[in-house]
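this is the structure alone, sequence omitted:
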């Protein structure tokens, strides 16, 4: 009996040690911690102007322990990359989120304020030194390119962005570059700037595994096409626009004629919000028959089954579903399979999605 008891305790000890090791490996398996994951999502959603998802990301970030001032600092910095309107909208959203959390009794950590910045008679030189630290290159010779064509932009960049903003110590240079990369990766048409900041990010300590994980965050919150832009900039393999479990459906709907105009207005709003807000919704394209306008057809394309299931839980879909029940005379959902799946890839390439 004594030997059996000893064996039981030995096996239990081995099991606990093994479980502890597995848990530790799991925790270390992610390159980005919770703060970084949240900040990446906040920056990307600010850049795209996706306020509903930004609101959720702000709540997640605050729950993860990001301070109010850290988030504020990132949103202020982003005006230099995605413009005042997006930055101000995000700051107003943060204010709304904080008010809602306060009403629920949640006390968020304000965090440290920026330390006073030592006055300098030449902010241009301060910004120039900061930029040289970020790029790892000394600026020599006459100005070239846009800086030569419009010298004032060079002055604004150095004196305001890289002196005034980057000198504030709420976020360090690595954190600021990560915020910038996350925003640029979410925005179409800024590949040269993204490439430049990828290099700066690496110079400040952002790692390749962290950037690879960032592609997944961009795909989740913005979509695969934009995540592929980041993958291409990193010389990583591009993922195909279509996925094996992509869902294509045609909804055949007959509307009670007296509700037709009201139904079309609700459907137009729901389809527009779905495509704008949900990365996994590739298309919701409503149409009606010319000879019989009450016969509605909707082409629906979802990136995968998970995207479709997520769509069914959104506030805009639930509003559409509940408010149009009395308006729908008949409904038939027709799931489709492509005869030639390769054509879908060509369609997305023509649309600039791959």
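Noted; the coordinates are in hand. Values in this document were obtained by computation on a predicted structure and should not be read as measured data. Numbers count the residues shown, from 1 in each chain.

which stretches of the stretch 101-250 of the chain have low pLDDT?
Applying pLDDT under 70 to the stretch 101-250 of the chain flags residues 120.

okay, strands next: where are they in it?
247-255 (DSSP state E, counting those that start in this stretch).

now the helices for it?
123-135, 145-149, 151-156, 173-186, 191-204, 208-221, 224-233 (DSSP state H, counting those that start in this stretch).

now render those as CSV, adding mean neighbour count.
C-beta coordinates here come from the backbone N, C-alpha and C atoms, glycine included. Listed next are the helices of the stretch 101-250 of the chain as CSV, based on neighbours: other Cβ atoms under 10 Å:
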stretch, mean neighbour count
helix 123-135, 17
helix 145-149, 11
helix 151-156, 13
helix 173-186, 25
helix 191-204, 17
helix 208-221, 19
helix 224-233, 21
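
can I get those in CSV including distance to residue 105?
Listed next are these as CSV, based on distance: least, Cβ to Cβ, whole Å:
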stretch, distance to residue 105
helix 123-135, 41
helix 145-149, 51
helix 151-156, 43
helix 173-186, 30
helix 191-204, 38
helix 208-221, 29
helix 224-233, 37
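
from residue 181, how far off is the residue nearest to residue 232 when sequence neighbours are not counted?
Leaving aside its chain neighbours, residue 232 sits nearest to residue 238 (6.0 Å; criterion: Cβ to Cβ, 6 or more residues apart in numbering). Counting by Cβ to Cβ, to the nearest Å, the gap from residue 238 to residue 181 is 18 Å.

low-confidence ranges in the stretch 251-354 of the chain?
The stretch 251-354 of the chain contains residues with pLDDT under 70 at 348-354.

repeat that for 80
Along the stretch 251-354 of the chain, segments meeting pLDDT under 80 span 341-354.

any chance you could map the helices in it?
260-277, 305-312, 315-323, 341-350.

contacts for the second one?
With Cβ atoms under 8 Å, 6 or more residues apart in numbering as the contact definition, helix 305-312 has outside contacts at 245, 247, 274, 278-281, 302, 317.

could you dump the residues you listed to TSV with neighbour count and distance to residue 59?
Output for the contacts of helix 305-312, formatted as TSV (neighbours: other Cβ atoms under 10 Å; distance: Cβ to Cβ, whole Å):
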residue	neighbour count	distance to residue 59
245	12	29
247	20	29
274	20	22
278	23	18
279	22	19
280	23	20
281	23	22
302	24	25
317	19	21
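
quick one: buried residues of stretch 60-67?
By neighbour count on 16 or more other Cβ atoms under 10 Å, the buried set for stretch 60-67 is 61-62, 66-67.
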